[in-house]
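[1] Sequence plus predicted model, see below.
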Amino acid sequence: FGNIIAFRRYRAGSSIFGDEWSGLKYFNQFMKDQNFWRAFKNTLLLNFKYLIISFPLTLIFALLLNEVKNVHFKKIVQTISYLPHFISMVIVAGMVREILSTSGPINNLITKLGGEAITFISLPEWFTTIFVTTGVWQGLGWGTILYLAAMSGINTELYEAAELDAKYDYEGAIEKLDSFPDIANYPDMSTKRAEYVNAMNSLVEYKDYSQIPNLSFHVLIADPARAFNDKELGGKYNQNFVTIDEFSKILEQLYANNYVLVDFDDFVNVGQTVSGTDQFEAKSIFLPQGKKPLMLTETMVNYFEYMVDSNNDGVADAGGAGFANKLFLDGNGDIKAQYIDSSNNTLTGNYDFVPILEDFIKAHPDFSYRGARAILAVTGSQGIFGYRCNTSYVSTKGNDFYEQEKAGAIAIVEALKAKGYRLACYTYENGKYRDMNSAGITADLQSWTQQIKPIIGDLDTFVFAQASDLSDYTGTSFNVMYQTGFRY
């Protein structure tokens, strides 16, 4: 309708399509007006400024939304961001006028901070800012729809193959692309497949598995001042433990020296003989030229009470020696460490081995061979991973406390296994097995089986506490461990 009457003479009460053809009369009249070119220039400038600000913001917002894993939270954010688009421009103008008035919330804040009220609406220098900000607020959410739709149209096979590629699993990456029908009709996928084939063909077999180093750490020190000044154990903490900053630097150095994190399953095949006994065989690891395999272990991940609880009430406190006190899952499902600082504030973040390693692998996915993670070794007499899930706590803390701790432990165990961590027994009582007879080892492992196995599940890996391994790997003590299920 507008396109029609722009070229016709219109009179009120007559036909809506106008009475007579006027051609370009009104266009000439408008362009000859002395204010036309100023209005034209201002329109271009305002829209250009709006475009250079709104375009990157909309794209960034869409990328952030696309990365949100929590579906319900994502939908809430999307809905809230879309709503302004449906508000009439007249209402938006009224809202802006009220907000920016001399008695509005913006000026109220300015005057409370000691400034003078600003008449935003009447000052020309503020118009562009108000125009662009209002437009971005109203159109940001709606503008993400196109970008999100485009992202959802990208072949997920490319994403998944790229993730496998970063972990040196070129066979898996090729298989993932080959699962897509008519790959030949998609040049990008065909090109990537060729890249993966070339990368796979250039890999070098690592043969000397006996030379794979295993760096072992106790739980990390979050607060060196408290740990090293501990009257009783400060010297041992200084000698035998590393801080979270030192561990981060060690990871950087390992990465710079071309080390790649591997797991037993990457270079050991487990089968059975005809008689039914376990048979272990070497399995090839293929890495790019110059890369070297490495294993990592963290022990004492039960967070002993003497390290985190100064008054022995079963609750971590500021009197602890500066260590994290438990692992837990945050709102995004990420594994983090809980830590009580010297002011008794409960903090969450990268205060121990696991969350630091997770963030490092996220930033450097090629540090992990096919998703390999570290070995985490725990005792059982005081629970695991900071959860006091031993039944001995029922008498002092109550059954509700025990059940809650048990549930927390099970949740973190499942999360760690899902990430690829190999969980290991560190004895039940933190005992020196070399100094114990077979009866003592049997009793220790029976306690493990009764108290911890129902929570952590079957384990095949054992880390000797206090560097005290068996003196004889063929005797009765070894058989007790083997019959309990330990193979590594």
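    Received, thanks.

[2] any idea how far Tyr330 lies from Asn344?
    Residue 330: Asp, not Tyr. As judged by C-beta to C-beta, to the nearest Å, Asp330 and Asn344 stand 21 Å apart. Where C-beta positions appear, they are placed from N, C-alpha and C, glycine not excepted.

[3] And Arg8, by the same measure?
    80 Å.

[4] out of those two, which sits in the more crowded spot?
    Shown here are Arg8 and Asn344; by other C-beta atoms under 10 Å, Arg8 has more neighbours (16 against 10).

[5] Test my guess that the more buried one contacts Ser22.
    Yes: the criterion here is C-beta atoms under 8 Å, and Arg8 meets it with Ser22 at 5.7 Å.

[6] what about the closest residue to Tyr168 other than its chain neighbours, neighbour count?
    With sequence-adjacent residues excluded and distances taken as C-beta to C-beta, 6 or more residues apart in numbering, Tyr168 is closest to Tyr369, at 5.6 Å. Counted by other C-beta under 10 Å, the residues lying close to Tyr369 total 22.

[7] where does the spatially closest residue to Asp460 that is not a sequence neighbour land in three-state SS?
    Computed as C-beta to C-beta, 6+ apart, the closest residue to Asp460 that is not its neighbour in sequence is Arg487, at 4.5 Å. Classification of Arg487 using DSSP: H, G, I helix; E, B strand; the rest coil returns coil.

[8] Neighbours of Arg487, how many?
    The number of residues packed near Arg487 is 14, by other C-beta under 10 Å.

[9] got the contact list for it?
    Counting by C-beta atoms under 8 Å, 6 or more residues apart in numbering, Arg487 makes contact with Val270, Asp278, Phe280, Asp460, Thr461.

[10] Looking at those, spot the one nearest Leu109.
    Thr461 (59.1 Å; C-beta to C-beta).

[11] For the nearest residue to that closest one once chain neighbours are set aside, grab the count of nearby residues.
    Closest residue in space to Thr461, ignoring its immediate chain neighbours: Ala424 at 3.9 Å, by C-beta to C-beta, 6+ apart. Ala424 is flanked by 21 other residues according to other C-beta under 10 Å.

[12] Would you map the helices across the stretch 201-350 of the chain?
    Per DSSP state H, counting those that start in this stretch, the stretch 201-350 of the chain carries helices over the ranges 224-228, 234-240, 244-256, 264-267, 305-308.

[13] winner for burial among the ones you listed?
    Ranked by mean neighbour count, those are led by helix 305-308 with a mean of 20 (mean count of other C-beta atoms under 10 Å).

[14] Give me the contacts around that one.
    By C-beta under 8 Å, 6+ apart, the surrounding residues in contact with helix 305-308 are 219, 233, 312, 314, 316-317, 320-321, 323-325, 340, 382, 386.

[15] So what does the residue nearest to Asp460 look like in phi/psi?
    Note on Arg487: backbone dihedrals following degrees, to the nearest 10 are phi -120, psi -20.

[16] measure it to Glu429 for me?
    From Arg487 to Glu429 the distance is 22 Å (C-beta to C-beta).

[17] again, but for Leu459
    Noted for Leu459: a distance of 17 Å to Glu429, by C-beta to C-beta.

[18] that older thread, take the contacts of Arg487 and write them to a markdown table, including neighbour count.
    Listed next are these as a markdown table, based on neighbours: other C-beta atoms under 10 Å:
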| residue | neighbour count |
| --- | --- |
| Val270 | 14 |
| Asp278 | 11 |
| Phe280 | 12 |
| Asp460 | 16 |
| Thr461 | 18 |
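
[19] low pLDDT regions in the stretch 1-150 of the chain?
    1-2, 10-19 (pLDDT under 70).

[20] any chance you could map the helices in it?
    Using DSSP H, counting those that start in this stretch, helices in the stretch 1-150 of the chain cover 2-5, 25-31, 36-67, 71-82, 89-100, 105-112, 127-152.

[21] from the ones you listed, which stretch is densest packed?
    helix 127-152 (a mean of 16).

[22] What's the per-residue pLDDT of Ala321 here?
    On the pLDDT scale, Ala321 is placed at 95.

[23] How about Asn155?
    In this model, Asn155 carries a pLDDT of 64.

[24] Quick one: residues contacting Gly290.
    Gly290 neighbours (C-beta under 8 Å, 6+ apart): Asn258.

[25] err, Trp21, not the other one
    Contacts for Trp21 were tallied using C-beta under 8 Å, 6+ apart; they are Phe7, Arg8, Arg9.

[26] separation between Ile285 and Arg370?
    9 Å.

[27] And these two? Which one has more around it.
    Ile285 (21 against 18).

[28] close enough to count as contact, the more buried one and Val204?
    No: assessed by C-beta under 8 Å, Ile285 is found out of contact with Val204, at 9.6 Å.
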